[in-house]
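A.B. asks: Fold the following.
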Amino acid sequence: QVQLVESGGGLVQAGGSLRLSCVVSGSIESINATGWYRQAPGKQRELVATVTTGGSTTYADSVKGRFTISGDNAKNTVLLQMNSLKPEDTAVYYCYGRLRLLQIGAIVSTYWGQGTQVTVSS
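C.D. replies: Model prediction:
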């Protein structure tokens, strides 16, 4: 019913940049917010950044000033521009969407992508 497809992960040296993209598709009535979480080996999943359809953004303290999230409501796409990457940014990055399906009685729920690996070498 809903698909979140991420792309853009990879291997980069410290100080480099990557851009993650996530396309949300399916039978969707509305999207409240989209964003990114990440999970490093042995650690809990943590919020990286989020953007609402109104354009409000939130960032984890650890990425403020280095990462920029943006959303394209018309294309149901969310981008995460990651600059000045550090080895501690290494993780699997998961796109998520808070949305309502185009179904009678549907409630706002959270849906996840499969994840994309970001590895930053020192």
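A.B. asks: what's the nearest residue to Gln117 if we skip its chain neighbours?
C.D. replies: Spatial nearest neighbour of Gln117, chain neighbours left out: Gly9 (5.0 Å); criterion: C-beta to C-beta, 6 or more residues apart in numbering. For every residue, glycine as well, the C-beta is placed using N, CA and C.
A.B. asks: give me phi/psi at the one you found?
C.D. replies: Gly9 has phi and psi values of phi -70, psi 170 when expressed as degrees, to the nearest 10.
A.B. asks: which ones are touching it?
C.D. replies: Listed by C-beta atoms under 8 Å, 6 or more residues apart in numbering, the contact partners of Gly9 are 18, 20, 93, 116-118.
A.B. asks: Selection in PyMOL covering whichever of those are buried, please.
C.D. replies: Selection of buried members from the contacts of Gly9 for PyMOL, criterion 16 or more other C-beta atoms under 10 Å:
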select buried, resi 18+20+93+116+118
